[in-house]
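[1] let's see this in three dimensions:
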Amino acid sequence: MIDKIFDLCVKLLVKIAELTGTTYKTVNVIIFCVLVPMAFILLFVMYYNKQKDVERYKKLYEKFVQDDIKNF
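    Numbers count the residues shown, from 1 in each chain. I've put the predicted structure just below:
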């Protein structure tokens, strides 16, 4: 099973190399040494920014809840 998946991926990379006029190795390097690390960095930055938003909204929520309790 894993051999079939590997062979399919290699065939896909070879086809991409043929379509772009490059080699299998070049396509492999571009994908796994450039695009994948960039995707991980982008996801990490997005996660970090989202966590900052969550913390900000938690503080706002706590402020409003405390104000409601005081006004009740």
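[2] please identify the helix or strand for the residue nearest to the spatial centre of the chain.
    Taking Cα atoms, centre = their mean as the criterion, residue 43 is the residue nearest the geometric centre of the chain, at 3.6 Å. For residue 43, the host element (DSSP states H and E) is helix 36-71.
[3] flag every buried residue along that helix.
    By neighbour count with 16 or more other Cβ atoms under 10 Å, helix 36-71 contains no buried residues. C-beta: built from backbone N, CA, C; applies to glycine.
[4] returning to what we had before: mind pulling up the pLDDT for the residue nearest to the centre of the chain?
    Residue 43 carries a pLDDT value of 98.
[5] roughly how far is the helix holding residue 43 from the heart of the chain?
    Distance of helix 36-71 from its chain centroid, counting by Cα atoms, centre = their mean, to the nearest Å, is 18 Å.
[6] repeat that for stretch 13-27.
    Taking Cα atoms, centre = their mean, one finds the center of stretch 13-27 at 24 Å from the center of the full chain.
[7] report the backbone C-alpha coordinates of that stretch in PDB.
    Presented in PDB, the C-alpha positions along stretch 13-27 are these (Å, rounded to 0.1, in the frame of the first residue of the first chain):
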ATOM      1  CA  LEU A  13       6.400  15.000  -9.200                       C
ATOM      2  CA  VAL A  14       7.800  13.800 -12.500                       C
ATOM      3  CA  LYS A  15       4.700  15.100 -14.300                       C
ATOM      4  CA  ILE A  16       5.100  18.500 -12.600                       C
ATOM      5  CA  ALA A  17       8.700  18.500 -13.600                       C
ATOM      6  CA  GLU A  18       7.800  17.800 -17.200                       C
ATOM      7  CA  LEU A  19       5.200  20.500 -17.300                       C
ATOM      8  CA  THR A  20       7.400  23.100 -15.800                       C
ATOM      9  CA  GLY A  21      10.500  22.100 -17.700                       C
ATOM     10  CA  THR A  22      12.600  21.300 -14.600                       C
ATOM     11  CA  THR A  23      13.800  18.100 -13.000                       C
ATOM     12  CA  TYR A  24      12.300  15.800 -10.500                       C
ATOM     13  CA  LYS A  25      14.900  16.900  -8.000                       C
ATOM     14  CA  THR A  26      14.200  20.600  -8.500                       C
ATOM     15  CA  VAL A  27      10.500  20.100  -7.900                       C
END
